[in-house]
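Participant: Dropping a prediction and its sequence here:
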Amino acid sequence: MSQRSNGARPLRIVHVTPAYAPLVGGCERLLQSVSDRLVERGHDVTVITFDCATMLDFCKPMGAGLPRDERVNGVRVVRVNPVGSKLNRLHQWWLKQPGGWRTTTWVMGDELWPLDLPSGIGLMRPLARIPADVVTSVNWYFGAAFWVCRPRYLRQTPRVAIPVLHIEREWAHNPLLPRLLADCEGVIVMTDAERDFIAARGGREIEVGGCGVDPARFERRDGAAIRRQHNIGDRTVVGFVGRQDYLKGVPTLIEAMHTVWRHAPETVLVMAGQSAHRDKPVNDAIAALSRENRAKVILLDDFADGELASIMDACDLLALPSVEESFGLVMIEAWACGKPIIGADIASTRCIIEPGVDGLMVKPFDASDLAMKLLELVNDPAKRRMFGERGRQKVMSRYTWDRVTDAWEAAFRRAAAISEPRA
């Protein structure tokens, strides 16, 4: 049942995260979708973040030039420069002084990940000023998480970790994580696999929130319009939506498509995402295609958020052979459109796909295996329909934003109920 009707007092929630809208990414869409709904339920939500519209902006001294303090769907968004603030400059200066590194390790230990740019020091000033009942630390890939969790003497407000770990990746095994988890009254994770990973490192009060969709949004999809716009006709479409780089498996997908095109030459590959997030290996792989095969690749760059459902609907299947996932939000968005999915065989994806029932899984970075699984679905429309319908039923019963918001709200209320922080 939704927490909206329980009569409890509204909470003041402050999220501290490296990125927020308009930057496009799974973590960012998760945080915005839940924050919007928390506001609808009467809570006061503030997001403290860096001034970034794309991942490239993290390296710009003045950021993206977005508003420093604005309301987005009722959520207050406070932005700071990713690099170049006085605190960042002072910090970098101190590291260059005799004994600077040594004295810094007294605070952080030998792992100096919190010093990586964009430094989270610049986030501490607004964090200290904004009243809160609960503070969250989102996305622990970035060292900003250290500056939210560790300095408890600055603010005795309960912390809830939302680390969004990619547990297959080396960065998720950071030795500082147990120290940060010890400073958090609760943890919200994406999957059962992440729950077990966090529990083994000392996390407490762990809530499996997952990701979700807005069913009403997908009722208005119009894949036929996308097909008409790009002259696709009734050809079979393999879709990819997201950041286009090596870890997301895009070079592997393009390599696998060479085999697909030999056996099913009319198949189209549609890749949708931010052009700024397509890396050089992917651009090189596209440039190396023959003229004939290049004509079968459609790039939908920088599409509007409202077009996502129609893009998914225009595809016959979604391929996400990615090892860089905490959940894989686009998979359930494809299911919401009744489309089958293919994911990489990693721990988080194994929590979502039931192979042979509602999707398929492939060996990471194995183009031959991916080509075989793609052809299995390209050549079998009945199986595509069966997998897609089962996936849609799973989404409607398990993965909606209202259910995710219920989980987050419950975690926040448990944390806020703690009057004294743990010793």
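Facilitator: Cool, the structure landed. Residues are numbered from 1 along each chain as shown.

Participant: which residues of the stretch 151-300 of the chain score low on pLDDT?
Facilitator: Low-confidence segments of the stretch 151-300 of the chain (pLDDT under 70): 151-155.

Participant: Helices of that one, start to end?
Facilitator: Taking DSSP state H, counting those that start in this stretch to define them, one finds helices in the stretch 151-300 of the chain at 177-182, 192-199, 215-219, 223-229, 250-263, 280-287, 291-294.

Participant: Relative to residue 238, how far out is residue 316?
Facilitator: Residue 316 is 7 Å from residue 238, where distance means C-beta to C-beta, to the nearest Å. The C-beta positions use only the backbone N, C-alpha and C, and glycine is treated the same way.

Participant: Mean neighbour count added to the helices of the stretch 151-300 of the chain, as CSV?
Facilitator: Output for the helices of the stretch 151-300 of the chain, formatted as CSV (neighbours: other C-beta atoms under 10 Å):
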stretch, mean neighbour count
helix 177-182, 18
helix 192-199, 19
helix 215-219, 13
helix 223-229, 16
helix 250-263, 20
helix 280-287, 14
helix 291-294, 10
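
Participant: Out of the ones you listed, which is closest to residue 60?
Facilitator: helix 280-287 (19.2 Å; C-beta to C-beta).

Participant: one step back: now the helices of the stretch 151-300 of the chain as CSV including distance to residue 26?
Facilitator: Output for the helices of the stretch 151-300 of the chain, formatted as CSV (distance: least, C-beta to C-beta, whole Å):
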stretch, distance to residue 26
helix 177-182, 20
helix 192-199, 14
helix 215-219, 16
helix 223-229, 21
helix 250-263, 15
helix 280-287, 18
helix 291-294, 28
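
Participant: For residue 355, find the nearest of the ones you listed.
Facilitator: Comparing those against residue 355 with C-beta to C-beta, the closest turns out to be helix 192-199 (15.5 Å).

Participant: Which elements pack onto that closest one?
Facilitator: strand 186-189, strand 206-208, helix 347-350 (3 or more C-beta pairs under 8 Å, 6 or more residues apart in numbering; DSSP states H and E).

Participant: Between the helices of the stretch 151-300 of the chain, which one is closest to residue 379.
Facilitator: helix 250-263 (8.0 Å).

Participant: Which secondary structure elements does that closest one sit against?
Facilitator: Using 3+ C-beta pairs under 8 Å, 6+ apart: helix 250-263 touches strand 237-241, strand 268-273, helix 280-287, helix 291-294, helix 367-378.

Participant: quick one: that helix to strand 237-241, angle?
Facilitator: Interaxial angle, helix 250-263 versus strand 237-241 (axes from the mean of the first three to the mean of the last three C-alpha atoms, to 10 degrees): 180 degrees.

Participant: Now do the helices in the stretch 1-150 of the chain.
Facilitator: Going by DSSP H, counting those that start in this stretch, the stretch 1-150 of the chain shows helices at 26-40, 86-95, 100-108, 121-129, 144-149.

Participant: Can you check what angle separates the lengthiest helix in the chain from helix 367-378?
Facilitator: Longest helix in the chain by number of residues (criterion: DSSP state H): helix 381-398. Between helix 381-398 and helix 367-378, the angle comes out at 90 degrees (the same axes, to 10 degrees).

Participant: So what touches whichever helix or strand comes after helix 381-398?
Facilitator: Toward the C-terminal end, the helix or strand that comes next after helix 381-398 (DSSP states H and E) is helix 401-416. The contact list for helix 401-416 (C-beta atoms under 8 Å, 6 or more residues apart in numbering) reads 1-3, 8, 11, 13, 30, 33-34, 37-38, 41, 43, 133-134, 158-160, 185-188, 205, 207-214.
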